[in-house]
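A.B. asks: Need coordinates for the following:
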Amino acid sequence: ITQPTASAHIQSLEELLGGSLFFRDSRRRITLTPLGTTLLPYAQDILDRCQALHQLAQQQPAQATLQIAASSVPAQYLVPTLISAFSVQQPNCRYQLQKSDTAQVHQMLAQGDVRIGFVGSVLDASQYTYHLLLQDKLILVAANNAYFQQKKAQNALGHQLLRHPMICREPGSGTRQQFDSYLKEIHFSAQELNIVAQMDQPESILNAVEAGLGVTVCSSLAARDRIASGRLLAFELQQQSFYRGLYLAVCSDCVLTPFEQSFIQFCQNTSCPALLNN
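C.D. replies: Numbers count the residues shown, from 1 in each chain. Presented below is the predicted three-dimensional model:
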């Protein structure tokens, strides 16, 4: 359409909504007003629904791109395996994967930046639909040195080592949220932790632990190769193992395309532990 037609459409929309949507400066640059910023996610949602309806009407398109966001552990250890297996069934599917923490993945879903999320904790069951994919064990890991070898020989448990220098994930991560929940469960005050570093990447934390900076509580999935090779020592947090879920999440009111529906169903029906052990 022409520029005057676009301007007329915008003016009509602003009259209908009762306020300006754009700032226009002397250099003809355009930015959103506060009202425009507020309404933008709703406009994006409308466009997403139009696209979904179009694909539904055409049944199965020849090619589709799945917009996915995942928190650190699923992004590194679970999602690549799932999309690789799904591509065998749907070779024409393409993927855009963004990595963030659990809180930010939820935010991207709510804003319509992505359509499917993989997260390490449930934040809002009223706004999002969660599909449990895997029970991921949380463990305490330490450097493989003489001191912790002795603790291992004494059958020490992870909760007995929590006062050692500790390296933690950032507060928005699913691992950190579940660790905080565990501390409350055992009535251990977070103020008692001796946190020497906070990092947002599991591999960076494990490198620091291996170098002797401190211990950490992490996903057994993230640490399994280093434990198997003897680079780190693993301690169960307690006699009965402590697990957190890894979930696939979508907005509850999201209209899913056929490819998205197919991918979600595939993830639900796939035995993730078996897939990861292959």
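A.B. asks: Low-confidence ranges, the stretch 51-200 of the chain, go.
C.D. replies: 55-63 (pLDDT under 70).
A.B. asks: Tell me where it has helices.
C.D. replies: Per DSSP state H, counting those that start in this stretch, the stretch 51-200 of the chain carries helices over the ranges 72-73, 79-89, 102-111, 146-153, 174-185.
A.B. asks: Reformat those as a markdown table; add mean neighbour count and distance to Gln135.
C.D. replies: (C-beta placed from N, C-alpha, C; glycine too.) A markdown table is the format used below for the helices of the stretch 51-200 of the chain (neighbours: other C-beta atoms under 10 Å; distance: least, C-beta to C-beta, whole Å):
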| stretch | mean neighbour count | distance to Gln135 |
| --- | --- | --- |
| helix 72-73 | 26 | 13 |
| helix 79-89 | 15 | 16 |
| helix 102-111 | 20 | 16 |
| helix 146-153 | 13 | 24 |
| helix 174-185 | 19 | 12 |
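A.B. asks: how close does the most centrally placed residue in the chain sit to Arg49?
C.D. replies: Most central in the chain under C-alpha atoms, centre = their mean is Ser71, positioned 2.5 Å from the mean C-alpha point. Taking C-beta to C-beta, to the nearest Å as the measure, Ser71 falls 26 Å from Arg49.
A.B. asks: Same question for Ile186.
C.D. replies: Ile186 sits 45 Å away from Arg49, going by C-beta to C-beta.
A.B. asks: Ala190 against Phe179, yeah?
C.D. replies: No. The pair Ala190 / Phe179 is not scored as a contact, 9.1 Å apart, by C-beta atoms under 8 Å.
A.B. asks: And for Ala156, nearest residue in space, chain neighbours not counted?
C.D. replies: Closest residue to Ala156 apart from its sequence neighbours, by C-beta to C-beta, 6 or more residues apart in numbering: Phe235 at 6.2 Å.
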